[in-house]
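**Student:** Need coordinates for the below:
(one chain, ligands or ions: 1)
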Amino acid sequence: MALVSLVDISIAFFCFLIFQFFLISKKPHPSFLTNWPFLGMLPGLILEIHRVYDFATEVLEHGNLNYLFKGPFLGGLDMLITVDPANIHHIMSSNFSNYPKGTEFKKLFDVLGDGIFNVDSELWKDLRKSAQSMMMNPEFQSFSIATSLSKLEKGLVPLLDHVAKEKLVVDLEDVFQRFTFDTTFVLATGYDPGCLSLEMPEIEFARALDDAEEAIFYRHVKPEMVWKMQRLIGLGDELKLKRAHAILDRACFKCISSKRDEISRGTNNISSKDLLTSYLNVDTTKYKLLNPNDDKFLRDTVLSFMLAGRDTTGSALTWFFWLLCKNEEAITKILQEINKNISSGTKTDAANSKDDYDSFNPQELKKLVYLHGAICEALRLYPPVPFQHKSPTKTDVLPSGHKVDAGSKILFCLYPLGRMKSVWGEDALEFKPERWITDNGTSVHEPSYKFLSFNAGPRTCLGKEVAMMQMKTVAVKIIQNYDIKVVEGHKVEPAPSVILHMKHGLKVTVSKRCLV
Ligand code: HEM
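**Tutor:** Okay, the predicted model is just below:
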């Protein structure tokens, strides 16, 4: 009898749930997720994970720029997802001190240790000020331009010439990741790993960074106890991350020890401008919390710069060229602009001309307003860092009216932000470099809480100028000399990761541009 009533109760409860979810709690929009008992919205999210960025765009467009995500019971995944520029400005700038990166961020990105991305307060201030002073140094900036030009001349151009001559298909995303891996490694450590070459060698460090990024993405959508359990027993992404962590440690410690050896043997170039040398000589009376004698501090610093510089710029270049491939007219306009403003002009043989690099004047790149607009469009539609999260230390009310409790999670989704019609206009989904040009022909400045690709407020990206200069240098050289075509039928879609990679890479053919 007792058993029968238990069955009855269960059936009644089940019917109640169905009634509740299908009749009473009608969703305000079909794209919104159903909030199931105990499981929250996680089942629906898992079904959409393969197209998570486009899905988030639909939800936020219909949710008036904000969406409350409910995770599983006690899963710690409840969060406010916002792309409201007023909220972003409030969190990133006007109320910055209430929104540190926090312990949650550090837990998810534990592979970065105490690097600049992971820390707050006084340590972050010392790291930021020291990095800013090193990167603003004109010698570092010349070093950065020289590094890009040298990689172009000795790496990218020979590779593209080879691909064109042999009529090969190449993955342009892989090429750009290799290019930016090498240049960032040189800036960070002074050593060139030679990842970009005709042989396209497999570089353990680069593969480990990819694996770590993917595993960290999945930590964002799994309850903490699940990924912690996976880590404990060494399963799936967490096993990959553990292996990646060990590889990254080994590679960084090897560089640090070589650099220390060079310095002690006096073979290190005293004027080296790489960040590792600069941090080994950092003024600890000025930056009291930095410890150049500690290899772990140097490892966290080098690794953070590698992640900051390699993937972001590589991703931006890839999406930029894909957009250009679909917009012939934009290529024509960029070519006209280059011919008008760049003194070395467009030469068929420029790809192999040493003089061309020697006569390169980075100031001339500033005149390329249309190219600048086209790159900003790519960064708006395909932000290399597709989301960021924050957590208030004290309970707060956002400009949108949402109350956020102390310790709760807030997620900014940059990919949807760049596509919101209420933020960018009805043509938000279109690639229009012209939107970045004023009637007077100068560049439009959009506030960073609207164009968030380089972050906003006191934690704005420190490498913005380095990255823009590098992307423009590469763009000019490739557009002047090569015609790039995406292989027919190649599918392009973003991969779920903390960096906006392409899921299947970008398969292209390359031919030398014929000039009239
Ligand atoms: C297209 C290229 C790039 C994009 C889109 C980009 C974007 C960003 C974003 C969104 C952040 C904030 C991340 C966060 O707080 O979690 C950031 C921070 C940072 N970026 Fe970049 N970045 C780019 C290139 C670079 C390069 C080339 C470097 C250095 C060589 C660099 C150095 C940094 C540093 C050091 C920070 C930390 C700033 C801080 O926390 O105070 N970035 N970047």
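
**Student:** which residues does whichever residue of the chain sits closest to the ligand contact?
**Tutor:** Per C-beta to the nearest ligand atom, residue 463 is where the chain lies closest to the ligand, at 2.0 Å. No exception for glycine: its C-beta is placed from N, CA and C like everyone else's. By C-beta atoms under 8 Å, 6 or more residues apart in numbering, the contact list for residue 463 reads 135, 308-309, 312.

**Student:** And residue 292, by the same measure?
**Tutor:** With contacts defined as C-beta under 8 Å, 6+ apart, residue 292 is in contact with 279-282, 284, 298.

**Student:** And what about it, helix, strand or coil?
**Tutor:** coil (DSSP: H, G, I helix; E, B strand; the rest coil).

**Student:** Report the separation between it and residue 117.
**Tutor:** Taking C-beta to C-beta, to the nearest Å as the measure, residue 292 falls 19 Å from residue 117.

**Student:** Over to residue 489?
**Tutor:** Using C-beta to C-beta, residue 489 is found at 38 Å from residue 117.

**Student:** More neighbours: these two, which one.
**Tutor:** When neighbours are counted by other C-beta atoms under 10 Å, residue 117 comes out ahead of the other of residue 489 and residue 117, with 20 against 6.

**Student:** The more buried one - nearest residue in space that isn't next to it in sequence?
**Tutor:** Using C-beta to C-beta, 6 or more residues apart in numbering and skipping residues adjacent in sequence, the residue nearest residue 117 is residue 304, 5.4 Å away.

**Student:** got the phi/psi numbers for the one you found?
**Tutor:** Here is the backbone geometry of residue 304 (degrees, to the nearest 10): phi -60, psi -40.

**Student:** okay, now it: neighbour count?
**Tutor:** When counting by other C-beta under 10 Å, one arrives at 23 neighbours for residue 304.

**Student:** In this structure it contacts residue 116, no?
**Tutor:** Yes - using C-beta atoms under 8 Å, residue 304 makes contact with residue 116 at a distance of 5.2 Å.

**Student:** in the stretch 1-150 of the chain, which spans are strands?
**Tutor:** Ranges of strands within the stretch 1-150 of the chain are 66-69, 79-82, based on DSSP state E, counting those that start in this stretch.

**Student:** May I see those strands arranged in JSON lines, with mean neighbour count and distance to residue 426 as well?
**Tutor:** JSON lines is the format used below for these (neighbours: other C-beta atoms under 10 Å; distance: least, C-beta to C-beta, whole Å):
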{"stretch": "strand 66-69", "mean neighbour count": "18", "distance to residue 426": "21"}
{"stretch": "strand 79-82", "mean neighbour count": "22", "distance to residue 426": "22"}
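
**Student:** got those strands as TSV, with mean pLDDT and distance to residue 423 columns?
**Tutor:** Shown next, in TSV, are those (pLDDT from 0 to 100; distance: least, C-beta to C-beta, whole Å):
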stretch	mean pLDDT	distance to residue 423
strand 66-69	92	13
strand 79-82	95	12
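
**Student:** For those strands, could you give me a markdown table that also reports distance to the ligand?
**Tutor:** Output for those, formatted as a markdown table (distance: least, C-beta to the nearest ligand atom, whole Å):
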| stretch | distance to the ligand |
| --- | --- |
| strand 66-69 | 20 |
| strand 79-82 | 16 |
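
**Student:** quick one: buried residues of the lengthiest helix in the chain?
**Tutor:** Taking DSSP state H as the criterion, the chain has its longest helix at helix 236-265. Buried residues in helix 236-265, counting neighbours by 16 or more other C-beta atoms under 10 Å, are found at 237-238, 240-245, 247-249, 251-252, 255-256, 259-260.

**Student:** With stretch 184-199 instead?
**Tutor:** Within stretch 184-199, the residues that qualify as buried are 184-190, 192-193, 195-196, counting by 16+ other C-beta under 10 Å.

**Student:** same check, this time on stretch 36-52
**Tutor:** Of the residues in stretch 36-52, 36, 39-42, 44-45, 48, 52 count as buried by neighbour count, 16+ other C-beta under 10 Å.

**Student:** Next: stretch 402-420.
**Tutor:** 402, 404, 408-420.

**Student:** So what would you say the end-to-end distance of it is?
**Tutor:** Start-to-end span of stretch 402-420 (C-alpha to C-alpha, to the nearest Å) is 19 Å.

**Student:** Is that stretch positioned near the ligand?
**Tutor:** No - Stretch 402-420 stays out of contact with the ligand when judged by C-beta under 6 Å from any ligand atom, the minimum separation being 7.4 Å.

**Student:** For that stretch, what is the distance to the chain centroid?
**Tutor:** From the chain centre to the centre of stretch 402-420 is a distance of 17 Å (C-alpha atoms, centre = their mean, to the nearest Å).

**Student:** what does the stretch 401-516 of the chain put close to the ligand?
**Tutor:** Residues of the stretch 401-516 of the chain lying close to the ligand (C-beta under 6 Å from any ligand atom) are 453-455, 459, 461-463, 466-467.

**Student:** what two of those residues are the furthest from one another?
**Tutor:** Taking C-beta to C-beta, the two most distant members of those are 459 and 466; they sit 16.7 Å apart.

**Student:** Looking at these two, which is more packed in?
**Tutor:** The neighbour comparison of residue 459 against residue 466 (other C-beta under 10 Å) goes to residue 466, with 23 against 19.

**Student:** which SSE is that one in?
**Tutor:** According to DSSP states H and E, residue 466 maps onto helix 464-481.

**Student:** Just after that helix, pick out the following helix or strand.
**Tutor:** Going down the chain from helix 464-481, the next helix or strand is strand 482-486, by DSSP H and E.

**Student:** ok, then the element right after that following strand?
**Tutor:** strand 507-512.

**Student:** what's the offset of that next one from the middle of its chain?
**Tutor:** Offset of strand 507-512 from its chain centre (C-alpha atoms, centre = their mean): 25 Å.

**Student:** try stretch 69-86
**Tutor:** That offset, for stretch 69-86, works out to 21 Å (C-alpha atoms, centre = their mean).

**Student:** and if you look at stretch 161-173?
**Tutor:** Relative to its chain's centre, stretch 161-173 lies at 26 Å (C-alpha atoms, centre = their mean).

**Student:** ok so, going back, pLDDT score assigned to the residue nearest to residue 117?
**Tutor:** We have a pLDDT of 96 for residue 304.

**Student:** And residue 259, by the same measure?
**Tutor:** Here the pLDDT value assigned to residue 259 is 94.

**Student:** Check residue 434 too.
**Tutor:** 98.

**Student:** The closest residue to it other than its chain neighbours in helix, strand or coil?
**Tutor:** Distance criterion C-beta to C-beta, 6+ apart; nearest residue to residue 434, sequence neighbours excluded, is residue 373 at 6.7 Å. Three-state assignment for residue 373 (three-state DSSP): helix.

**Student:** Count the neighbours of residue 373 for me.
**Tutor:** Around residue 373 there are 21 other residues, counting by other C-beta under 10 Å.

**Student:** try residue 433
**Tutor:** For residue 433, using other C-beta under 10 Å, the count is 23.

**Student:** about what we covered before: and the helix or strand that the longest helix of the chain is followed by with the ligand, contact?
**Tutor:** Sequence order places helix 275-280 as the next helix or strand after helix 236-265, per DSSP H and E. No - judged by C-beta under 6 Å from any ligand atom, helix 275-280 stays clear of the ligand, getting no closer than 8.2 Å.

**Student:** tell me which strands and helices whichever strand or helix holds residue 318 is in contact with?
**Tutor:** Residue 318 belongs to helix 312-325 when elements are defined using DSSP H and E. On a contact count with 3 or more C-beta pairs under 8 Å, 6 or more residues apart in numbering; DSSP states H and E, helix 312-325 meets helix 172-189, helix 328-341, helix 369-381, helix 464-481, strand 482-486.

**Student:** ok, residues contacting that helix?
**Tutor:** 172-173, 176-177, 179-181, 184, 330-331, 334, 374-375, 377-379, 381-382, 384-385, 431, 463, 467, 470-471, 474-475, 478-479, 484-486, 492, 499-502, 506, 508.

**Student:** Recalculate using a threshold of 6 Å.
**Tutor:** 173, 176-177, 180, 330-331, 375, 378-379, 382, 384, 431, 467, 470-471, 486, 492, 499-500, 506 (C-beta atoms under 6 Å, 6 or more residues apart in numbering).
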